[in-house]
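Sharing a sequence plus its predicted fold:
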Amino acid sequence: MFTALSERLTAALKALTGRGVLTEDAVREGLREIRRVLLEADVSFELTRTFTERVRERAVGVAAIKSVNPGQQIVKIVYDELVVLMGETRAPLAFASVPPTVMVLVGLQGSGKTTTAVKLAARLRREQKAPFLVAADIYRPAAEEQLRQLGAQADVGVFGRGDLPDADPDVVALVEAGIVAAGKARARTVLVDTAGRLQIDDALMSELVRLKTAIAPHETLLVADGMTGQDAVRIAKGFHEALGVTGVILTKLDGDARGGAALSIRGVTGAPIKFVGVGERLDALEPFDPAGMAGRILQRGDVVGLVERAQETLDADAAERIARKATSKKGMDLEDFLGAMKQVQSMGPIESLLGMLPGLSPKLLKSAQVDGKRLKHTEAIILSMTPQERRRPELLNGSRRARIARGAGRPVQEVNQLLKQFKHMKTMMKGMGRRGLR
């Protein structure tokens, strides 16, 4: 999402490097470019002005300290101020001391609210928070059915007006009945998926205000589309003024947006961004970390976020087994390789993972031409082999390779290339094992 902002902001900061002492004129010139970059990225004017003024106050007169030049210190100052702008620390969800915890999700139509409700429920289920979903959108056709289907995928219970004798219930009565049903199901958290509108209007707000007054939720979470730019900030401000939003979930951060909404919402509303949607899968919802996001924008990476994602998704026993075999005298086979590849795929799109590594610029990622389809092709090739061939790749003569290529629907050259890369990697891993034993 932050590709353009990251490239241009990094370029603007590079212009300030290499100086012994930063004069006010040099800082003013650099900040003028930073201001322009932020405004073009959809950061609000007021926040841009406040941000650049804070950087200017800290930057003027900064001199070289040991081996760190003033330009590098400016990068640190900008990083620190980006973290402050986005909220400084993670904002966890608030849970009731006595369950169930009730969380209401609000937002406009098309923001991804229903999908986000299920993603959040899936996350809470993994955290042993026993979630339960209430379909409170009684206006959009098939909204309840969509929530039921997605809830079934996440193995989370769903309550809707189809569970009531009254076919046309009041929204407040529907949600209150849903909370009662959640209690009977021994749920610890209740997620209410409310109705949206194409735009903020009095009917939408009055219904939501009435609902909030009746059930007193512990969290009122605004789901905002990160690709709508300044509109997302305006929408967040409108909902916050009417409802007192306690947190924001930004969706579609894996899209090609300019990124200003993520930088602006926290400052404009005061409501912290709690989660971000980074893909279509039900596990593609991550806690928002201001420090990690600032690191990604300035190409410093987000190693902590990468480690956390690995801890959440990887099978530690399987990973250890593969690593132990890979560094053994016998080495790994293609079945182990396939298992390792599936572990990596479970962590999300490869471009997203590489973007969390320090020093990898968006431009470098583009030039590397990372293609997620290649992993699928590799998987198809390996699955076209017999179990014996996967365990003993040396059996793969020309006729077998041709058969595998036909089965996978890929050229023979790709089969040859895969086997060559696997052989090289196997040798390298065995070498690492030998060095580790010394």
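Looks like it arrived, so ask away. Keep in mind the model is a prediction, meaning the values are calculated, not measured.

What residues sit buried inside stretch 103-122?
The neighbour-count check on stretch 103-122 (16 or more other Cβ atoms under 10 Å) flags 103-109, 111-122 as buried. Every C-beta, even on glycine, is put in place using the N, C-alpha and C of the backbone.

Check the average confidence over it, would you?
Averaged over stretch 103-122, pLDDT sits at 92.

just how off-centre is it within its chain?
Stretch 103-122 sits 15 Å away from the centroid of its parent chain (Cα atoms, centre = their mean, to the nearest Å).

ok, now stretch 126-141?
The answer for stretch 126-141 is 21 Å, by Cα atoms, centre = their mean.

Stretch 224-236 now?
The answer for stretch 224-236 is 17 Å, by Cα atoms, centre = their mean.

Could you number the chain from 41 rather than 1 from now on?
New numbering, starting at 41: the last item is stretch 264-276.

Compute the first-to-last residue distance for that stretch.
Stretch 264-276 has an end-to-end distance of 7 Å (criterion: Cα to Cα, to the nearest Å).

list the buried ones in that stretch?
Result for stretch 264-276 [16+ other Cβ under 10 Å]: buried residues Ala264, Asp265, Gly266, Met267, Thr268, Gly269, Gln270, Ala272, Val273, Arg274, Ile275, Ala276.

By pLDDT, give me the weakest of the residues you listed.
Gly269 (66).

who's in contact with Arg75?
Residues near Arg75 by Cβ atoms under 8 Å, 6 or more residues apart in numbering: Thr88, Arg89, Thr92.

which one of these sits closest to Ala442?
Thr88 (60.3 Å; Cβ to Cβ).

pretty sure that closest one contacts Leu78?
Yes. Taking contacts as Cβ atoms under 8 Å, Thr88 lies within contact range of Leu78: 4.6 Å.

higher neighbour count, these two?
Per other Cβ atoms under 10 Å, whichever of Thr88 and Leu78 has more neighbours is Leu78, with 28 against 22.

any idea how far that one is from Gly307?
12 Å (Cβ to Cβ, to the nearest Å).

Check the gap between Val263 and Val211 for me.
Distance from Val263 to Val211, by Cβ to Cβ: 18 Å.

The residue lying closest to Leu436 once chain neighbours are set aside: which element?
Excluding the flanking residues, the one nearest Leu436 by Cβ to Cβ, 6 or more residues apart in numbering is Glu429, at 6.0 Å. Using DSSP states H and E, Glu429 maps to helix 427-431.

Please list the residues outside the following helix or strand past that helix that contact it.
Next helix or strand after helix 427-431 toward the C-terminus (DSSP H and E): helix 438-448. Contact with helix 438-448 is made by 417, 420-421, 423-425, 429, 436, 451-452, 454-456, 459, as judged by Cβ under 8 Å, 6+ apart.

let's see it at 7 Å
Ala420, Ile421, Ser424, Met425, Glu429, Pro451, Val452, Val455, Asn456 (Cβ atoms under 7 Å, 6 or more residues apart in numbering).

Tell me the pLDDT of Pro257.
Reading off the model, Pro257 has pLDDT 95.

which residues of the stretch 191-340 of the chain fall in strands?
Ranges of strands in the stretch 191-340 of the chain, per DSSP state E, counting those that start in this stretch, are 197-199, 229-234, 259-265, 287-291, 313-317, 325-327.

I'd like to know which of the ones you listed lies nearest to Lys382.
Among those, strand 325-327 comes nearest to Lys382, with 20.5 Å by Cβ to Cβ.

what does the average pLDDT come to for the closest one?
Mean predicted confidence for strand 325-327 is 88.

With neighbour numbers in mind, choose between Val263 and Val211.
Per other Cβ under 10 Å, whichever of Val263 and Val211 has more neighbours is Val263, with 27 against 20.

Bridging across strands, which residues link to that one?
Beta-bridge pairing for Val263 (DSSP bridges): Ile289.

hang on, it packs against Thr154?
No. Assessed by Cβ atoms under 7 Å, Val263 is found out of contact with Thr154, at 9.0 Å.

Which helix or strand in the chain has the lowest average pLDDT?
helix 402-408 (a mean of 48; mean pLDDT, DSSP states H and E).

which other helices and strands contact the helix or strand following it?
Using DSSP H and E, the helix or strand that follows helix 402-408 in sequence is helix 412-423. Helix 412-423 is packed against helix 374-386, helix 438-448, helix 452-477, with contacts defined by 3 or more Cβ pairs under 7 Å, 6 or more residues apart in numbering; DSSP states H and E.

and with 10 Å instead?
helix 374-386, helix 390-395, helix 427-431, helix 438-448, helix 452-477 (3 or more Cβ pairs under 10 Å, 6 or more residues apart in numbering; DSSP states H and E).

Which of those sits closest to Glu259?
Closest among the helices and strands packed on helix 412-423, once you apply Cβ to Cβ, is helix 390-395, at 26.5 Å.

what's the average pLDDT for the closest one?
55.

Same question for stretch 434-444.
Computed over stretch 434-444, the average pLDDT equals 93.

What are the buried residues along it?
Buried residues in stretch 434-444 (16+ other Cβ under 10 Å): Leu436, Arg441, Arg443, Ile444.

Quick check: the two most widely separated of the residues you listed?
Longest span within the buried residues of stretch 434-444, Cβ to Cβ: Leu436 and Arg443, 9.7 Å.

Mutual contacts of the two, please.
Common contacts of Leu436 and Arg443 (Cβ atoms under 10 Å, 6 or more residues apart in numbering): Met425, Glu429, Val455.

where exactly do the helices run in the stretch 241-390 of the chain?
Ranges of helices within the stretch 241-390 of the chain are 242-255, 270-283, 300-309, 330-337, 343-353, 356-366, 374-386, 390-395, based on DSSP state H, counting those that start in this stretch.

which of those has the lowest average pLDDT?
Among the helices of the stretch 241-390 of the chain, helix 343-353 scores lowest, with a mean of 52.

Excluding chain neighbours, what is closest to Ala256?
Using Cβ to Cβ, 6+ apart, the closest residue to Ala256 is Val142 (7.7 Å).

contacting residues for that neighbour?
Here Val142 is in contact with 136, 172, 174, 215, 218-219, 222, 229-232, 255-260 (Cβ under 10 Å, 6+ apart).

could you measure it against Lys277, distance?
From Val142 to Lys277 the distance is 24 Å (Cβ to Cβ).

got it, and Pro139?
32 Å.

Who has more neighbours out of those two?
Remark: of Pro139 and Lys277, Lys277 carries more neighbours, 19 against 16, as counted by other Cβ under 10 Å.

Looks like that one contacts Val308 (just checking).
Yes. Counting by Cβ atoms under 10 Å, Lys277 touches Val308, with 5.6 Å between them.
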